[in-house]
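[1] My questions concern the predicted model and sequence given below.
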Amino acid sequence: MATVVQQTRGTKYAVSTENTLVRDVADRIALLQPEDAPLIAFINGLKKKKEATNPKFEWLEDELADNTVTNTTSGTGTSLTLSAGQGVRCRVGDLLVASSGEIMLITAIATDVLTVSRAYGSISAQTLTGADNLVIIGQAALEGDTNPAFKFTQKLTKVNYIQIFRDTIDITFSQAASESYGGDDRTHQRKMRGMEHKRSIEQAFLLGDAVQDTSGTQARRATGGLLSFIKTNVTDAGGTLTEATFETFCRTLFRYSPTTSAYTKLFLAAPILISALNFWNKSKLLVRQDDKTFGTRLATYRSGHGDLDITRHWVLQDFTEFQKYGFALDPQNLVYRYLRGLDTKLWVDIQTKDKERYIDEYRTHAGLELHHERTHAILKNVTGYSA
C-alpha cells in the first residue's frame, strides 16, 4: 500500500526521505593547485631540451686559470713560498702585484717557491706578512725571447642520470562507462595524474640526488637536482633575512655568468622570500602585471649586480625545511635531458586483454644537466625578515 503523508511538501522531505531531488553539481571540477612546475616550464620555454642516448649522461666543464696566488713568506726577501700547488699557476716572466701596489718579476720557479725581482716598478719593496694575496698581471716578455711555458686548465667531467617517472591511471570498464558529475572520470584522472607527474619531475630537479643502483636484476636511477649540484654559493640566512644579506647573496650570484651580457637570472622563491622583497624596497621590485613568461607570472628585482626574475614556488612551501629556501639559477646553464624517444608521453590502453579495466600511464625518462654550479646559488634557512 502507498504511504500517505499529510503535511506541506518541501525540499527537506524530498531529500531526507525520498532522495528525489536532482543534485546541482558543477560540470567543472575546481582544482586547488593547478600548476606546480615553474622550473620545468622555464627550461622547456627556453628550448633547453636535449636528447640523451644513454641513461648515464655526461658533460665537460672548463674555466679560466686562477690569476692569484698566496704568499706564505714574510719580509722583503726575493724568495717567496706559495701555498701548496699554486706554483703551477706562474711562469717565468710573469708580473705579480701585492696589495701595496709593489710589482715583482718572477725570474725562477722551483715547484711552489718563486724567485722574484722586488720593486720592479716605482713602488719600493714592501714587507710581506706571510699571508699575502698576489695577483698575476700577465707576462712581461723579453724581446726576442723564446715562448713562455704553456699552461692550461683541465676539463672536468660531470655526470647525472636519467630517472624513470611513471604515474598510472587504472579505471574499470564499468566506471569509465558510467556518467559522472564533473565530466568524464577517465579524462579527469588523466588530467590530475598528468599534473602530478609533472610536479614529480619538478621536485626531482629541485631536490634529487644522482644515484645509479645496480644491486638488483635491473638498474634503478635517480637524477640529481639543484640541491645536490649547487655547493659553492650557499647563503645561510640563519633565520631572519636582512636586505644587507640579500645584497651579499646577489653579489655572489652574479659573479659568474655564461656570457658577459647575461645579467638576468631566475629566482625560484618560497613565499616568505617574496614577502621579504615586498617589505624592503618596492622601488627595486618591478612587477610585470601583463607578462606571463612561459605561463608563469614574474616580478623582477633590480640590483646593481643584475636582475632577478622572481617566481613564487608553492611546492617549496609544502616542505617544512624547504619553505625557507630560494634557488637562484642561470637559465642558460640548465638543460632538460630525456632519453631518445622517451620524453613525457601518455601511454593509453596498456592493459592486457584479460583485464576488465582501462590502464593508462604517464612515462618520462628525464634528468637535469646543470653546468657550472657557481653560476647558481641557494638562499636557505629564512624564517623571517627585517630591514
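    Good, I have the coordinates.

[2] And Phe150, what's its pLDDT?
    For Phe150, the pLDDT comes out at 89.

[3] next one: Gly194
    As predicted, Gly194 sits at a pLDDT of 91.

[4] Is it in contact with Lys345, as I believe?
    No: using CB atoms under 8 Å, Gly194 makes no contact with Lys345, being 10.7 Å away. (C-beta placed from N, C-alpha, C; glycine too.)

[5] Show me the common contact partners of these two, please.
    Contact with both Gly194 and Lys345 is made by residues Tyr362, according to CB atoms under 8 Å, 6 or more residues apart in numbering.

[6] The two: which is more packed in?
    Taking neighbours as other CB atoms under 10 Å, Gly194 and Lys345 compare with Gly194 leading, 16 against 12.

[7] distance of Leu316 from Ser79?
    54 Å (CB to CB, to the nearest Å).

[8] between the two, who's got more neighbours?
    Neighbours were tallied for Leu316 and for Ser79 using other CB under 10 Å; the higher tally belongs to Leu316 (23 against 12).

[9] Without its sequence neighbours, what residue ends up closest to the more buried one?
    In space, and not counting its chain neighbours, Leu316 is closest to Ala270: 4.2 Å by CB to CB, 6 or more residues apart in numbering.

[10] Equivalent analysis for Leu266, please.
    Leu329 (4.7 Å).

[11] how about low-confidence regions in this structure?
    Counting by pLDDT under 70, the chain has low-confidence residues at 2, 4-35, 258-262, 281-297.

[12] Which residue ranges make up the domains of it?
    34-62+155-387, 68-139 (automatic domain parsing).

[13] Correct me if wrong: Phe327 contacts Leu226.
    Yes: with contact defined as CB under 8 Å, Phe327 and Leu226 form a contacting pair (5.2 Å).

[14] Please, where are all the helices along this protein?
    Taking DSSP state H as the criterion, the chain carries its helices at 11-13, 38-45, 173-177, 185-207, 226-229, 243-253, 271-280, 314-317.

[15] want to throw the domains of the chain into JSON lines with distance to Asn147?
    Shown next, in JSON lines, are those (distance: least, CB to CB, whole Å):
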{"stretch": "domain 34-62+155-387", "distance to Asn147": "22"}
{"stretch": "domain 68-139", "distance to Asn147": "10"}
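
[16] closest one to Thr146 among those domains?
    Of all these, the one in closest proximity to Thr146, counting by CB to CB, is domain 68-139 (10.5 Å).

[17] Next, the contact list for Val135, please.
    Shown in contact with Val135 (CB under 8 Å, 6+ apart): 67-68, 96-97.

[18] From these, list the buried ones, please.
    For the contacts of Val135, a burial check counting by 16 or more other CB atoms under 10 Å picks out 96-97.

[19] So what's the gap between stretch 369-376 and the chain middle?
    Centroid separation for stretch 369-376 versus its chain: 8 Å, with CA atoms, centre = their mean, to the nearest Å.

[20] my read: Val382 touches Ile272, true?
    Yes: in this structure Val382 lies within contact range of Ile272 using CB under 8 Å: 5.7 Å.

[21] what do the two both touch?
    By CB under 8 Å, 6+ apart, the residues touching both Val382 and Ile272 are Lys324.

[22] Of those two, which one has the most company?
    Applying other CB under 10 Å to Val382 and Ile272 shows that Val382 carries more neighbours, namely 25 against 18.

[23] Partner strands of the strand ranked longest in the chain and their direction?
    Using DSSP state E, we find that the single longest strand of the chain is strand 357-370. The strands beside strand 357-370 in its sheet (DSSP bridges) come out as strand 163-172 (antiparallel), strand 334-339 (antiparallel), strand 345-347 (antiparallel).

[24] okay, the ones you listed, which one's buried deepest?
    Mean neighbour count (mean count of other CB atoms under 10 Å) peaks for strand 334-339 among these, with a mean of 20.

[25] Can you tell me what sits against it?
    Taking CB under 8 Å, 6+ apart as the rule, strand 334-339 contacts 40, 43-44, 48-53, 55, 57, 160, 162, 344, 364-371.

[26] Could you do stretch 48-62 as well?
    The contact list for stretch 48-62, computed with CB under 8 Å, 6+ apart, reads 43, 153-162, 212, 219, 221, 331-332, 334-340, 343, 365, 367, 369, 371-372.

[27] How far off centre is it?
    Distance, centroid of stretch 48-62 to centroid of chain: 16 Å (CA atoms, centre = their mean).

[28] Just the buried positions in that stretch, please.
    For stretch 48-62, the neighbour count (16+ other CB under 10 Å) marks 48, 52, 55, 57 as buried.

[29] out of the residues you listed, what pair is the most spread apart?
    Top of the distance list for the buried residues of stretch 48-62 (CB to CB): Lys48 and Pro55, 19.8 Å.

[30] Now for Leu95: which residues touch it?
    103-106, 120, 136-140.
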